[in-house]
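Asker: I'd like to go over a predicted model; first the sequence, then the structure.
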Amino acid sequence: MPFRAFLLILRRDLKVAFRRVSEWSLPLLFFIAVSALFPLALSPDRLAMAPGESEVYGMQSLGIAVIWMGALLASLMGLDRLFLNDSEDGSLEQLMLSPAPLISVVYGKLAAHWLVSVLPLVILVPLVGLSYRLTPGATAVLALSLLIATPVLTVLVAIGAALTVNLRGATAIIGLLVLPLVSPALIFGARAAVLALDAESAAAPLYFNASLAIMAVSLGPVAIAAALRAGLE
Amino acid sequence: MGGHGPYVWTAYGITLAILIWNVWSALSLLRRNLRRVAGETAAEEPARRPKVSRMEDD
Amino acid sequence: MKLPVWFHRFGSPPWVYGFAGACAPWLLAAGLLAIAVGAYWGLVIAPPDARQGEVYRIIYIHPQTAYVGMMAYTLMAIAAAIGFIWRIKLAHAVAVSAAPIGATFTFGALITGAIWGRPTWGTYWEWGDPRIMSELLLLLMFLGYLALRAAFDDRDKADRVSAILAVVGVVNVPIIHFSVEWWNSLHQTASIMQLDKPAMPASMLVPFLIMVAGFTLLFYGLLLRRLQAGIVDRESGARWLRDLAPGATP
């Protein structure tokens, strides 16, 4: 009897799952997206150790990749606070109906989210960096690159959150939507830290990230406001 | 094919499969939707007449 | 914003349905014919390459599939933007029609590229190669678009929200491509997939272009058929549709 019950439930759930494609495909796609982004945060030439290199060499570049990917994934986690809470108790709609320009509301929420969810990450970077044997110079640049790039991450994740506000299973989709979009910030940010490790100037990638940040912060909220309006019409 | 035959044929084969799937999928989607609409229209036809006569009774 | 009168025909579902129905068969037939001719030419008639031998023949399908993918996404984003700004439902229908075609062809590009890479550059896959990364991320963006649409029950909402995603995505495509190229130039990994820019000899260029034309024609044919299907779906209660002979494929 127990075994038959097991089989019946197995068949039934498999049939149901087969129909709800998104439920099993989204985690898969998320996995692929993360797998695709990790190499961009790594420096393959640093992982293959040349003879005579100290063994921390590989550990350091791994640390940069981990810290960056960790920051990325952590910013995905803070979504709920962004719009869902307000949407659930109706205050989001109130805000949208109020005379206050929606854009200002969006900026306010983004700033609050960044200060609460993202800034602490940047402060923790030196600690984690130390554990991965990063040099002080590299840690400083890494923290700086995150500081510059996290507005980009925040804005892009907010776009994902705004697009999926009020949707079931939003979290799964947001990861898939956001990860491809943040790849440039990730590339430049990780690269900056690697350059600092090699005691070279990290100016170029930092400037790229700065321009991405300016673009994201000025244009992103427009998309976010539009998405909120479209989703809650 | 200089020993690289399998590579070329697999690549062409997969591409062909994708082309075939696309053609089949687009055409069958259209056919399916048309059939569904035709079905809906047919289902509503008998229902329409009684309504009309009711109005005429007014 | 005042639009010329003839433009409004493109906003009329029955007119577009008829137009698509008239053009699609020709586009599909011409496209398939061109692809058949081009494939035969590329596989049989064209001479083997001096460096790559026979494997180079994948050049007659790989860039074409990648190109269709990019064209599909751009078209999708433009159509979605038009639909969003001017609230034209048909534009949204175009965007939705382009997505599955673009996704499948981009997938094909990734596979054919990987198959090409193994004998030519020694590896199926190289993380960080600009072309591979751009195509992979493009595929993920297509799938994200489709996943987002699928999550909505209200089609109008799905249209508007996914339109925003499409536009945000299209802005990112060149940025992503540039950043991965920049990353790659620093690592000096083996020049994977660097389609030799030096001019192709005519014997190779002709089938190449025939294939490009064939894939493009086929794409538009497929797009129009899917658009028709989308119109039927959206207009399922409309009088003009009911008056069409039931089950007819115009």
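Answerer: The structure has been received and is ready for your questions. Numbering: from 1, shown residues only, chains lettered A, B, ... in the order given.
Asker: C-alpha from now on. contacts and neighbour counts both.
Answerer: Will do.
Asker: please name the nearest non-neighbouring residue to C:Ser134.
Answerer: Excluding the flanking residues, the one nearest C:Ser134 by Cα to Cα, 6 or more residues apart in numbering or on different chains is C:His177, at 5.6 Å.
Asker: let me fix that: C:Gly144
Answerer: Sequence neighbours aside, A:Leu177 is the residue nearest to C:Gly144 in space, at 5.4 Å (criterion: Cα to Cα, 6+ apart).
Asker: and the longest helix for chain A?
Answerer: helix A:203-232 (DSSP state H).
Asker: tell me which residues in it are buried?
Answerer: For helix A:203-232, burial by neighbour count (16 or more other Cα atoms under 10 Å in any protein chain shown) applies to A:205-206, A:208-210, A:212-214, A:216-217, A:220-231.
Asker: and chain C, which of those residues reach it?
Answerer: By Cα under 8 Å from any Cα of the partner chain, the members of these lying near chain C are A:223, A:226-227, A:230-231.
Asker: widest-spaced pair of the residues you listed?
Answerer: A:Ala223 and A:Gly231 (11.9 Å; Cα to Cα).
Asker: pLDDT on stretch A:134-150, on average?
Answerer: Mean pLDDT, stretch A:134-150: 90.
Asker: one more: stretch C:185-201?
Answerer: Across stretch C:185-201, pLDDT averages out at 57.
Asker: ok, now stretch C:75-86?
Answerer: 96.
Asker: ok, and for it, which residues are buried?
Answerer: For stretch C:75-86, by 16+ other Cα under 10 Å, it's C:75-84.
Asker: near chain C, which residues of chain B are found?
Answerer: By the rule Cα under 8 Å from any Cα, the part of chain B lying against chain C is B:1-2, B:4-5, B:7-8, B:10-12, B:14-15, B:18, B:22-23, B:26-27, B:29-31, B:33-35, B:37-38, B:41.
Asker: put the buried members of those into a PyMOL selection.
Answerer: Selecting only the buried entries of the residues of chain B next to chain C in PyMOL, with 16+ other Cα under 10 Å as the criterion:
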select buried, chain B and resi 4+7+8+11+12+15+18+22+23+26+27+29+30+31+33+34+35+37+38+41
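Asker: for chain C, which residues are neighbours of chain B?
Answerer: Residues of chain C lying close to chain B (Cα under 8 Å from any Cα) are C:53-55, C:57-58, C:61, C:101, C:104-105, C:108, C:111-112, C:115-116, C:119, C:222, C:225-226, C:228-230, C:232-233, C:236-237, C:242, C:246-249.
Asker: okay, now the unreliable bits of chain A?
Answerer: A:45-55, A:80-81, A:85-86, A:88 (pLDDT under 70).
Asker: list the contacts for the residue most central in space within it?
Answerer: The centroid of chain A falls nearest to A:Leu72 when counting by Cα atoms, centre = their mean (3.1 Å). The contact partners of A:Leu72, taken as Cα atoms under 8 Å, 6 or more residues apart in numbering or on different chains, are A:Leu153.
Asker: turn the ones next to chain C among the buried residues of helix A:203-232 into CSV, including distance to chain B.
Answerer: Shown next, in CSV, are those (distance: Cα to the nearest Cα, whole Å):
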residue, distance to chain B
A:Ala223, 32
A:Ala226, 32
A:Ala227, 30
A:Ala230, 27
A:Gly231, 27
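Asker: can you show me the strands along the chain?
Answerer: Looking at chain A here, since you left the chain open. With DSSP state E, there are no strands along chain A.
Asker: quick check: residues of it near chain C?
Answerer: Neighbours of chain C within chain A, by Cα under 8 Å from any Cα: A:22, A:29, A:33, A:36, A:39-40, A:43-45, A:163-164, A:167-168, A:173, A:176-177, A:180-181, A:183-184, A:187-188, A:191, A:223, A:226-227, A:230-231, A:233.
Asker: ok, 7 Å please
Answerer: Within chain A, the positions adjacent to chain C are A:22, A:39-40, A:45, A:163, A:167, A:173, A:176-177, A:180-181, A:183-184, A:187, A:223, A:227, A:230-231 by Cα under 7 Å from any Cα of the partner chain.
Asker: from C:Met204, how far off is C:Ala24?
Answerer: When distance is defined by Cα to Cα, to the nearest Å, C:Ala24 is 29 Å away from C:Met204.
Asker: remind me which residues of chain B are low pLDDT?
Answerer: Under the criterion pLDDT under 70, the flagged ranges of chain B are B:1-3, B:45-58.
Asker: which residue lies nearest the spatial centre of it?
Answerer: B:Leu29 (2.3 Å).
Asker: hmm, that residue is touching C:Ala229, no?
Answerer: Yes. Shown here, B:Leu29 and C:Ala229 form a contact pair, counting by Cα atoms under 7 Å, at 6.1 Å.
Asker: on that earlier part again, what's the neighbour count on the residue nearest to C:Gly144?
Answerer: Residues near A:Leu177, counting by other Cα atoms under 10 Å in any protein chain shown, number 28.
Asker: between which two of the buried residues of stretch C:75-86 is the distance greatest?
Answerer: Using Cα to Cα for every pair in the buried residues of stretch C:75-86, the one that comes out farthest apart is C:Leu75 and C:Phe84, at 13.9 Å.
Asker: before we move on, the earlier item: just the buried residues from the residues of chain A next to chain C, in PyMOL please.
Answerer: In PyMOL, this line selects whichever of the residues of chain A next to chain C come out buried by 16+ other Cα under 10 Å:
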select buried, chain A and resi 22+40+163+167+173+176+177+180+181+183+184+187+223+227+230+231
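Asker: from chain A, how far out is the residue in chain C that chain B sits nearest to?
Answerer: Going by Cα to the nearest Cα, chain B is nearest to C:Ala229 of chain C, at 4.1 Å. Distance, C:Ala229 to chain A, by Cα to the nearest Cα, to the nearest Å: 22 Å.
Asker: what strand or helix carries that residue?
Answerer: If you go by DSSP states H and E, C:Ala229 is part of helix C:202-234.
Asker: who's in contact with whichever helix or strand comes after that helix?
Answerer: Next helix or strand after helix C:202-234 toward the C-terminus (DSSP H and E): helix C:239-243. Residues from elsewhere that reach helix C:239-243, judged by Cα atoms under 7 Å, 6 or more residues apart in numbering or on different chains: B:41, C:14.
Asker: from the chain's centroid, how far away is helix C:239-243?
Answerer: Its chain's average C-alpha position is 31 Å from that of helix C:239-243, according to Cα atoms, centre = their mean, to the nearest Å.
Asker: wait, what's in contact with the closest residue to chain C within chain B?
Answerer: Of all residues in chain B, B:Leu30 sits closest to chain C, at 4.1 Å by Cα to the nearest Cα. Shown in contact with B:Leu30 (Cα under 7 Å, 6+ apart): C:225-226, C:228-229.
Asker: where does it land in three-state SS?
Answerer: Three-state call for B:Leu30 (DSSP: H, G, I helix; E, B strand; the rest coil): helix.
Asker: quick one, helices of chain A?
Answerer: A:2-19, A:21-41, A:44-47, A:56-77, A:79-82, A:84-88, A:91-97, A:102-113, A:119-131, A:136-163, A:170-197, A:203-232.
Asker: between the first one and helix A:21-41, how many degrees?
Answerer: So that's helix A:2-19. 70 degrees (axes from the mean of the first three to the mean of the last three Cα atoms, to 10 degrees).
Asker: which strands and helices sit next to helix A:2-19?
Answerer: Taking 3 or more Cα pairs under 7 Å, 6 or more residues apart in numbering or on different chains; DSSP states H and E as contact, there are no helices or strands that helix A:2-19 lies on.
Asker: dump the C-alpha coordinates for that helix into CSV.
Answerer: Presented in CSV, the C-alpha positions along helix A:2-19 are these (Å, rounded to 0.1, in the frame of the first residue of the first chain):
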residue,chain,number,x,y,z
PRO,A,2,2.6,2.6,0.9
PHE,A,3,4.6,1.9,-2.2
ARG,A,4,1.5,2.1,-4.4
ALA,A,5,0.6,5.4,-2.9
PHE,A,6,4.2,6.6,-3.5
LEU,A,7,4.0,5.6,-7.2
LEU,A,8,0.6,7.2,-7.7
ILE,A,9,1.7,10.5,-6.2
LEU,A,10,4.9,10.4,-8.2
ARG,A,11,3.0,9.9,-11.5
ARG,A,12,0.5,12.6,-10.6
ASP,A,13,3.0,15.2,-9.6
LEU,A,14,5.2,14.5,-12.6
LYS,A,15,2.2,15.0,-14.9
VAL,A,16,1.3,18.2,-13.3
ALA,A,17,4.9,19.5,-13.3
PHE,A,18,5.2,18.6,-17.0
ARG,A,19,2.4,21.0,-17.8
